[in-house]
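Chemist: mind folding the following:
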Amino acid sequence: MHDTTLGPGLGGVRMWPYPDEEAALTDVLRLAQGMTYKAAVAGLNFGGGKSVIIGDPATEKTEALLRAHGRFIQTLGGRYIPGVDVGTGKADMEVLKTEAKRVFAGTQDPSPMTALGVFETIRACARAAFGTDDLGGVHVAVQGLGHVGEPLVRLLAAENAKLTVADVAADRAA
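Modeler: Numbers count the residues shown, from 1 in each chain. This next block holds a predicted model:
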């Protein structure tokens, strides 16, 4: 958890094959801080938090692992509310809910709305920098084509933005 001044820390559970614990800790602290700022800017009564599970979600994710993570989250006494992030999905949040009382497992994936928020931010930056919010021909680089990046790229392509994309999965980038 980064900050709970405004309320419990809200943030996703990321499962990623970090090279070591230090890399995982650096990432989770950076992500939790970002969640604090996002919640504050949005005027939400939440702070920032995040959690990570070290491992490949495609091969190492198990119900037992998720339940153990849920038990740990429960020890925080409601000060952290986990949700979906890279490497986890709604079904995983349902497993966490078997062990932790407070889990964000909404009926819809929030990622498309996050993509829309990023898209509108890019449009506002174009307006400030170029005097227009027309993104035709504006060069935008997108790193990561997962739950947020993929719908963001579709929005940008519909506006005829020039795109450079990258993803750890070469097939997604193609």
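
Chemist: and the lengthiest strand in the chain, how far from the chain's centre?
Modeler: Ranked by residue count, the top strand of the chain under DSSP state E comes out as strand 9-16. The chain centre lies 7 Å from the centre of strand 9-16; the measure is C-alpha atoms, centre = their mean, to the nearest Å.

Chemist: now do the contacts for the residue most central in space within the chain.
Modeler: Central residue of the chain (C-alpha atoms, centre = their mean): Asp85, 4.5 Å from the mean position. Under the criterion of C-beta atoms under 8 Å, 6 or more residues apart in numbering, the neighbours of Asp85 are 11-15, 50. Every residue, glycine included, has its C-beta placed from N, CA and C.

Chemist: of these - the most surrounded one?
Modeler: Gly11 (28 neighbours; other C-beta atoms under 10 Å).

Chemist: and it, how far from Glu22?
Modeler: 20 Å (C-beta to C-beta, to the nearest Å).

Chemist: surely Lys38 meets Phe46?
Modeler: No. The criterion here is C-beta atoms under 8 Å, and Lys38 misses it with Phe46 at 9.1 Å.

Chemist: higher neighbour count, these two?
Modeler: Per other C-beta under 10 Å, whichever of Lys38 and Phe46 has more neighbours is Phe46, with 21 against 16.

Chemist: isn't that one up against Gly9?
Modeler: Yes. Counting by C-beta under 8 Å, Gly9 is a contact partner of Phe46 at 7.1 Å.

Chemist: now list whatever residues contact both of those two.
Modeler: Ile81.

Chemist: and the helices in the chain, which stretches?
Modeler: For the chain, the helices defined by DSSP state H cover 21-41, 63-74, 90-96, 111-130, 149-158, 170-173.

Chemist: the ones you listed: lowest mean pLDDT?
Modeler: Within the helices of the chain, confidence is poorest for helix 170-173, with a mean of 87 (mean pLDDT).

Chemist: for the nearest residue to Ile122 once chain neighbours are set aside, name its beta-bridge partners.
Modeler: Counting by C-beta to C-beta, 6 or more residues apart in numbering, Val140 is the residue found nearest to Ile122 once chain neighbours are left out, at 6.3 Å. When assigned by DSSP bridges, Val140 has beta-bridge partners Leu163.
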